[in-house]
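> Please work out how this folds:
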Amino acid sequence: MNKLSIAIAVCAALASSYASAEVRINGFASIVGGKSLDSDQALYGYDDDISFKNESKFALQLSADLQEKLTATAQIIARGEDDFDATFEWAYVTYEYSDELQLSAGKMRVPFYKYSDFLDVGYAYRWVRPPKSVYGIPFSTYEGLSVVYNNQIGDWDSTLQGFYGSFDGDIDVFGNDLPAELNNLGGLNWNLSYDWFSARAAYIVADTSIYSDDSDLLGLIDVLNSSGLSDTANDLLTEEDSTTFIGVGFSIDYENILLDAEYTQFEVEDSLLAEQTQFYVSLGYRLDDVIVHFTFEENDDEHKSSRFDTIESIPPLNSAVNFALEGIRAQSNVYTIGARYDFHPSAAFKIDFSRFEDDITDTDTDVVAVGIDLVF
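Numbers count the residues shown, from 1 in each chain. Below is the predicted model of the structure:
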């Protein structure tokens, strides 16, 4: 499904319905400044020069009731990291079949995480940014279909979502933007809540292809193929490889205590990408209009050790493959302390201090960020 055609279709629906349907315009913005406290280390896009561009953004959301249970929604966002060039983040139509069942089609958010639907709305959470160790998959939307079913299970509120579609665009892989395709992208997302407790689970699959022009990698693959080691060569490519994502989490909002935790596991089978496991635990305490919080994150990207010695009969090739696999390992911890102050009904001031500990290079990087999040 073409991104431009989706955007045009939704905007046309919004425009044509303006005379006969209610059109609502909402928006949100984040003005964020930050810097690294280490002169030779960068983190989250910040170096030792303060920047108010990297994580700032401005967005408008338009929605129209087209009557007969049909609505259309479009979200346009301009990010500082993209020089504030406006793009369509969402563009979809929804049919409310009943009070319990909704069907949607278009460009929507992949439900990887608890805050996926509010990923860009800084006002919706207490941090300057959601924990990056978990919220680190380099794309967030898909084009396709979604079915949402809401019901009661005893005293529990239940929301079950099934979706199917695809993604086609550039993603960040090892610091480089590479073209990627995810076909047969689909899964289930289930949320349960009761009073002050909520929990969720997500299971997502896809067939993933990532196209790299790295000359060293392509050269190694050519040598492996010419040596009759096509299976090992294919393991260094990412072409229609089966991908699995699993995510679980829970939240507690009890009196003044806030507790959130999420665990995710991500694997692209038989590819250069390592299996990734990560989690965070965040504790907050509410003092009237102020929330103070502490968050711990852990990330571990590592290939199974059995993959490192597949061609021991050819030591130079074996060393080259091991070097390629070892080079994309990642293991880190992040500690964040911060505060949020709701100084206005539609605005919040935040400050976070984060320390990133890289266990592979044995280095630490500190970043401080302040921001104001708005909704309107």
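> Mind listing the strands the one helix or strand residue 371 maps to pairs with, and their directions?
Element membership for residue 371 (DSSP states H and E) is strand 363-375. Using DSSP bridges, strand 363-375 pairs in its sheet with strand 23-36 (antiparallel), strand 347-358 (antiparallel).
> Residue 151 is nearest to which of these?
Of all the strands paired with strand 363-375, strand 23-36 sits nearest to residue 151, with 26.8 Å by CB to CB. (Glycine included, C-beta is placed from N, CA and C.)
> buried set for that closest one?
For strand 23-36, the neighbour count (16 or more other CB atoms under 10 Å) marks 27-36 as buried.
> ok, residues contacting it?
Residues outside strand 23-36 that contact it (CB atoms under 8 Å, 6 or more residues apart in numbering) are 14, 17, 42-44, 46-52, 54-64, 120-123, 128, 365-376.
> Among the residues you listed, the buried ones, what's the ChimeraX command?
Buried members of those, defined by 16+ other CB under 10 Å, are picked up in ChimeraX with:
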select :14,17,43,44,46,47,51,54,55,56,57,58,59,60,61,62,63,64,120,121,122,123,128,365,367,368,369,370,371,372,373,374
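> Mind checking which of the contacts of strand 23-36 land in strands?
57-64, 365-375 (DSSP state E).
> For the stretch 151-300 of the chain, give me the ranges with low pLDDT.
Within the stretch 151-300 of the chain, the ranges that satisfy pLDDT under 70 run 214-218, 228-229, 231-233, 235.
> which residues in it form strands?
Assigned by DSSP state E, counting those that start in this stretch, the stretch 151-300 of the chain shows strands spanning 156-173, 176-194, 197-210, 238-254, 257-268, 275-287, 290-302.
> Quick one: list the elements packing against the second one.
Translated: strand 176-194. Applying 3 or more CB pairs under 8 Å, 6 or more residues apart in numbering; DSSP states H and E, one finds that strand 176-194 contacts strand 141-153, strand 156-173, strand 197-210, strand 238-254.
> Just the buried residues of that strand, please?
By neighbour count on 16+ other CB under 10 Å, the buried set for strand 176-194 is 178, 180-182, 185-187, 189-192.
> got the strands of the stretch 151-300 of the chain as JSON lines, with distance to residue 336 columns?
Formatted as JSON lines, the strands of the stretch 151-300 of the chain follow (distance: least, CB to CB, whole Å):
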{"stretch": "strand 156-173", "distance to residue 336": "22"}
{"stretch": "strand 176-194", "distance to residue 336": "25"}
{"stretch": "strand 197-210", "distance to residue 336": "22"}
{"stretch": "strand 238-254", "distance to residue 336": "17"}
{"stretch": "strand 257-268", "distance to residue 336": "12"}
{"stretch": "strand 275-287", "distance to residue 336": "8"}
{"stretch": "strand 290-302", "distance to residue 336": "4"}
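> now for the ones you listed, which one comes closest to residue 102?
Nearest to residue 102, of all those, is strand 156-173, at 9.3 Å by CB to CB.
> Against which helices or strands is that closest one packed?
The helices and strands touching strand 156-173, judged by 3+ CB pairs under 8 Å, 6+ apart, are strand 141-153, strand 176-194, strand 197-210.
> which of the residues in the shortest one are buried?
Judged by neighbour count (16+ other CB under 10 Å), strand 141-153 contains these buried residues: 141-146, 148.
> Can you give the contact residues for it?
With contacts defined as CB under 8 Å, 6+ apart, strand 141-153 is touched by 1, 3, 6, 89-90, 92, 99-110, 157-168, 182, 185-186, 192.
> Report the buried members of those.
Buried residues within those, counting neighbours by 16+ other CB under 10 Å: 3, 6, 89-90, 92, 102, 104-110, 158, 161, 163, 165-168, 182, 185-186, 192.
> Pull the number of nearby residues for residue 291.
Using other CB atoms under 10 Å, residue 291 has 20 other residues around it.
> which residues touch the nearest residue to it once chain neighbours are set aside?
In this structure, residue 291 finds its nearest non-sequential neighbour in residue 340, 4.5 Å apart by CB to CB, 6 or more residues apart in numbering. Contact analysis of residue 340 by CB under 8 Å, 6+ apart lists 126, 290-291, 293, 348-350.
> go with 7 Å
By CB atoms under 7 Å, 6 or more residues apart in numbering, residue 340 lies in contact with 126, 290-291, 348, 350.
> Mind telling me what element it is part of?
Under the criterion of DSSP H and E, residue 340 resides in strand 330-344.
> Neighbouring strands - and their directions - for that strand?
Partners of strand 330-344 in the sheet, by DSSP bridges, are strand 290-302 (antiparallel), strand 347-358 (antiparallel).
> contacting residues around the last one?
The contact list for strand 347-358, computed with CB under 7 Å, 6+ apart, reads 43, 123, 127-128, 332-343, 364-374.
> 8 Å instead, please
Contact with strand 347-358 is made by 43-44, 122-123, 126-129, 331-343, 363-375, as judged by CB under 8 Å, 6+ apart.
> got it, and the longest one?
Surrounding strand 290-302, the residues in contact under the criterion CB under 8 Å, 6+ apart are 126-127, 131-134, 136, 258, 274-285, 328-342.
> Could you export it as CSV, CA atoms only?
In CSV, the C-alpha atoms belonging to strand 290-302 read as follows (Å, rounded to 0.1, in the frame of the first residue of the first chain):
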residue,chain,number,x,y,z
VAL,A,290,5.6,16.5,40.6
ILE,A,291,6.7,13.0,39.8
VAL,A,292,10.2,11.8,40.7
HIS,A,293,11.4,8.6,39.1
PHE,A,294,14.3,6.1,38.8
THR,A,295,14.7,3.7,35.9
PHE,A,296,17.0,0.8,35.2
GLU,A,297,17.5,-0.6,31.7
GLU,A,298,19.5,-3.6,30.4
ASN,A,299,20.2,-4.6,26.8
ASP,A,300,22.0,-7.7,25.6
ASP,A,301,22.5,-8.5,21.9
GLU,A,302,24.5,-11.6,21.4
